[in-house]
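Enquirer: Okay, here's the prediction I keep looking at, along with the sequence it came from:
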Amino acid sequence: MNVLSLFDGLSAGQIALNRCGIKYDNYFASEIDKYAIRVTQKNYPSTKQLGNVLDINYADLPKIDLLIGGSPCQGFSLAGKQLNFNDDRSRLFFEFVKAKDTLKPKYFLLENVNMRQEWQDIISEYLGVKPVKLNSGETTAQNRIRLYWTNIPLTEIEGFNLILEDILEDEVDDKYVIKGDIIYSELDWKLNKNGICNPLKNASNKGWHFEQNVYTTESKTRSLKAAGGSGNIPKVFLGDGYGFNDVIRKLTPLECERLQTIPDNYTDCVSNSQRYKMIGNSWCVDTVCEMFKNIPLT
């Protein structure tokens, strides 16, 4: 089987194929981020890198059996500016359409963010299938809703009931600590529908104190983001709220790998900032694996 992955990133599709035990003869990858390519080649040195999707000559490729990709989503996200198809990055979706129409693969999978219905309908018209909306919270300790357009037969995803506690490292360097020795005059937690937990009254400033993007160990995080700034990295509250051992710290790159069900230290050949970025951009591997396992092996 030959696979073509457009916008390959750190090659989460390749991880999923291997995790499912699906053998392939060639894995062709189109990616322009040098750090993501470095990570892929470290883990899968036989990957055939094709460079920019705009420069691919499909006539040079053998028969492609599986076409996969997660085209850039910045122009589609409900959380962004919602520029839709007028955004240069979102226009790259049409490169996936071009590859599909030219190569006519037996199976295809396109992933993207949750978006307005009218944009979903345009993509569905081009690809000939409607999307399936899945929350990776079924397979990991992260709520991550994504749309998948595919002709792979799908079955119900088995839930694993994971929470943040399940993916935390036992020991973490102090450099990840945001706040330590937190004392609350009154422990008061505000929970919203996303499971975000905000410690409110803080004795240190004797007033309302909101900690954004903080989660208890018993909850799931919100979706990881590609932006690597410390404000975008989920944080975890450790302690009971009544003593000097309470800590709020950001998740480590390894813990973020676990949220995306990427193998431990898969991305450790690049800087932490690049790790956070590419992990946030990645697919949740086990969610994709749940789909890939339905591809016939013959």
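Expert: Arrived safely, thanks for sending.
Enquirer: Provide the backbone phi and psi angles at the nearest residue to F7 once chain neighbours are set aside.
Expert: Excluding the flanking residues, the one nearest F7 by CB to CB, 6 or more residues apart in numbering is G69, at 5.1 Å. Just so you know, the C-beta spots here come from the backbone N, C-alpha and C atoms, and that holds for glycine as well. Backbone torsions of G69, given as degrees, to the nearest 10, read phi 180, psi 150.
Enquirer: Residue ranges in the stretch 151-298 of the chain under the pLDDT threshold?
Expert: The stretch 151-298 of the chain contains residues with pLDDT under 70 at 180-212, 227-231, 240-245, 298.
Enquirer: show me where it has helices.
Expert: 253-259, 272-281, 285-292 (DSSP state H, counting those that start in this stretch).
Enquirer: ok, what's across the strand from the residue nearest to F7?
Expert: Going by DSSP bridges, G69 is paired in beta bridges with L6, L110.
Enquirer: quick one: it and P105 touch, right?
Expert: No - with contact defined as CB atoms under 8 Å, G69 does not reach P105; the gap is 11.1 Å.
Enquirer: out of the two, which sits in the busier spot?
Expert: In this view G69 and P105 are compared by other CB atoms under 10 Å, and G69 has more residues nearby, 24 against 19.
Enquirer: what's the distance between the more buried one and C269?
Expert: 24 Å (CB to CB, to the nearest Å).
Enquirer: Looking at the record's assignment, how would you partition the chain?
Expert: Per automatic domain parsing, the domain ranges recorded for the chain read 2-159+284-292, 170-251.
Enquirer: could you dump the ones you listed to TSV with distance to Q274?
Expert: Shown next, in TSV, are the domains of the chain (distance: least, CB to CB, whole Å):
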stretch	distance to Q274
domain 2-159+284-292	4
domain 170-251	8
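Enquirer: and of these, who's closest to Q260?
Expert: With CB to CB, the closest approach to Q260 among the domains of the chain belongs to domain 2-159+284-292: 5.2 Å.
Enquirer: I'd like the distance from that closest one to the chain centre, please.
Expert: Between the centre of domain 2-159+284-292 and the centre of its chain there are 11 Å (CA atoms, centre = their mean, to the nearest Å).
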